[in-house]
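# sharing a model prediction with you, sequence too.
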Amino acid sequence: MDDLKAKWLGAIGEAADEASLEDLRVQAVGKKGEISLKMRELGKMTPEERQVAGPALNALKDEINTALAAKKTALADAALDERLKTEWLDVTLPGRDRRTGTVHPVSQVWEEVTAIFADMGFAVAEGPQIETDWYNFDALNIPSHHPARAEMDTFYMHRAEGDDRPPHVLRTHTSPVQIRSMEAQGAPIRTISPGRVYRADYDQTHTPMFHQVEGLAIDRDISMANLKWVLEEFFSAYFGTSVKTRFRASHFPFTEPSAEVDIQCSWEGGTVKVGEGDDWLEVLGSGMVHPKVLSAAGVDPAEWQGFAFGMGIDRIAMLKYGIPDLRAFFDSDLRWLRHYGFPALQVPTIRGGV
Ligand code: PHE
């Protein structure tokens, strides 16, 4: 009995890992293990011998099981210690630098424009980018034979044969939102409508998709004078310096009279500065909303009148932030975006106190 005990407890003490420990368990106290076989031999003994050997074998079995359990815990602890030695983390290391994205100049200027007009009491109204030709043209006093339709380089939506819905276009300007806003709200009304517009055109200052902001103010006695004040307030707040405007007589089917508006600027060494000098730069089209347009939108022209304007968002972004090529706006070049983009939480840079 003492030999057995010394043999198994010694072997358990020396076991190097959990697998060899399990082998030892099977060999010693498993079903066909040495101790189990010895227990089977008890039946062949005399009752006297059995009385001594039985309890001794049981005690030995218990002792071996206890030793196995203790060794198993010890091995598991040692394995864990070993792992902890290799798997460690230096929590004092500086964090990895992760680039955050930037706000696109168009989004930034969109916010700036909205904030300035909001201060003057204009609400934002948006319309769909896919329009019926009625909203984009007819309601704006551009009948189908009108040359303005051809001039606009319109993208027409494909229509399957037998599809007799009215023709749809990618809107060529934000002016259809004038109609939609007046239909929905009637008069008086004061809205601006920023959004994407589309024309088949591509060079340094034209892209097939670009951005406009439409302005609309209809009441009983709104005049061109109000238009001029609103625009000068806007440009001065936007460029952060007082900006003179010049109104040039022009023609749009949906306004009468109509004016193209230039802002004061200087050209020096190929760069343009707004708000100084004696040069002029065209930035928008405007005028008094045509009576036919009011009627088309369900507003009585005998009672109401007002102004509208349409301005290029990308264009005034280029002017304020000195960006030379419009096409780069939409190239998604990360270097460009990092250079001209804005930090996410930057408050719009506009002059307060409008
Ligand atoms: N819709 C015109 C354009 O895209 C601009 C405009 C808007 C002119 C409102 C007059 C009034 O060129």
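Great, that's in hand. The structure presented is a predicted model; accordingly, all values stated were derived computationally and were not measured. Numbering: from 1, shown residues only.

# give the buried residues for the longest strand out of those in the chain.
Determined from DSSP state E, the single longest strand within the chain is strand 255-268. The neighbour-count check on strand 255-268 (16 or more other C-beta atoms under 10 Å) flags 255, 258-265 as buried. From N, CA and C alone the C-beta is placed, and that goes for glycine too.

# check stretch 49-59 too.
In stretch 49-59, counting by 16+ other C-beta under 10 Å, buried: 53, 57.

# ok, stretch 153-166 next?
For stretch 153-166, burial by neighbour count (16+ other C-beta under 10 Å) applies to 154-155.

# centre of the chain to it, how far?
32 Å (C-alpha atoms, centre = their mean, to the nearest Å).

# ditto for stretch 57-72
Here stretch 57-72 shows a centroid-to-chain-centroid distance of 65 Å under the convention C-alpha atoms, centre = their mean.

# pull the residues that contact it.
With contacts defined as C-beta atoms under 8 Å, 6 or more residues apart in numbering, stretch 57-72 is touched by 1, 4-5, 8-9, 12-13, 15, 18, 21, 24-25, 28-29, 35, 38-39, 42.

# would you list the buried entries among these?
Listed as buried from the contacts of stretch 57-72 are 4, 8-9, 12, 15, 21, 24-25, 28-29, 35, 38-39; burial here means 16+ other C-beta under 10 Å.

# if we check the ligand, which of these are in contact?
Among these, no residue is within reach of the ligand (C-beta under 6 Å from any ligand atom).

# which parts of the stretch 51-200 of the chain sit against the ligand?
For the stretch 51-200 of the chain, the contact set with the ligand under C-beta under 6 Å from any ligand atom comprises 173, 175.

# can you pull the pLDDT of the residue of the stretch 51-200 of the chain found nearest the ligand?
Closest to the ligand within the stretch 51-200 of the chain is His173: 3.4 Å, counting by C-beta to the nearest ligand atom. If you check His173, the pLDDT there is 96.

# now Ile350
On the pLDDT scale, Ile350 is placed at 68.

# ok, now which ones touch Ala217?
Residues in contact with Ala217, defined by C-beta under 8 Å, 6+ apart, are 122, 189-190, 226-227, 230, 306-308.

# from those residues, pick the one nearest Ala148.
Ala308 (15.4 Å; C-beta to C-beta).

# quick one, the helix or strand containing that closest one and strand 255-268 angle?
Taking DSSP states H and E as the definition, Ala308 sits inside strand 305-312. Interaxial angle of strand 305-312 relative to strand 255-268 (axes from the mean of the first three to the mean of the last three C-alpha atoms, to 10 degrees): 40 degrees.

# got a quick PyMOL command for the buried subset of the contacts of Ala217?
To isolate the buried members of these in PyMOL, using 16+ other C-beta under 10 Å:
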select buried, resi 122+189+190+227+230+306+307+308
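
# export the contacts of Ala217 to CSV and append columns for pLDDT and distance to Trp88.
Formatted as CSV, the contacts of Ala217 follow (pLDDT from 0 to 100; distance: C-beta to C-beta, whole Å):
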residue, pLDDT, distance to Trp88
Phe122, 98, 60
Ile189, 98, 67
Arg190, 98, 65
Asn226, 98, 71
Leu227, 98, 70
Val230, 97, 66
Gly306, 98, 72
Phe307, 98, 70
Ala308, 98, 68
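
# who's in contact with the lowest-mean-pLDDT helix or strand in the chain?
Lowest by mean pLDDT, DSSP states H and E among the helices and strands of the chain is helix 147-151, with a mean of 75. If you take C-beta under 8 Å, 6+ apart as the criterion, helix 147-151 is touched by 137, 142, 253.

# got the phi/psi numbers for the second one?
In other words, Ile142. Note on Ile142: backbone dihedrals following degrees, to the nearest 10 are phi -120, psi 90.

# isn't it right up against Thr255?
No. Here Ile142 does not reach Thr255: they are 11.8 Å apart, not a contact under C-beta atoms under 8 Å.

# show the low-confidence segments of this structure, by residue range.
Counting by pLDDT under 70, the chain has low-confidence residues at 151, 347-354.

# sounds good, over and out.
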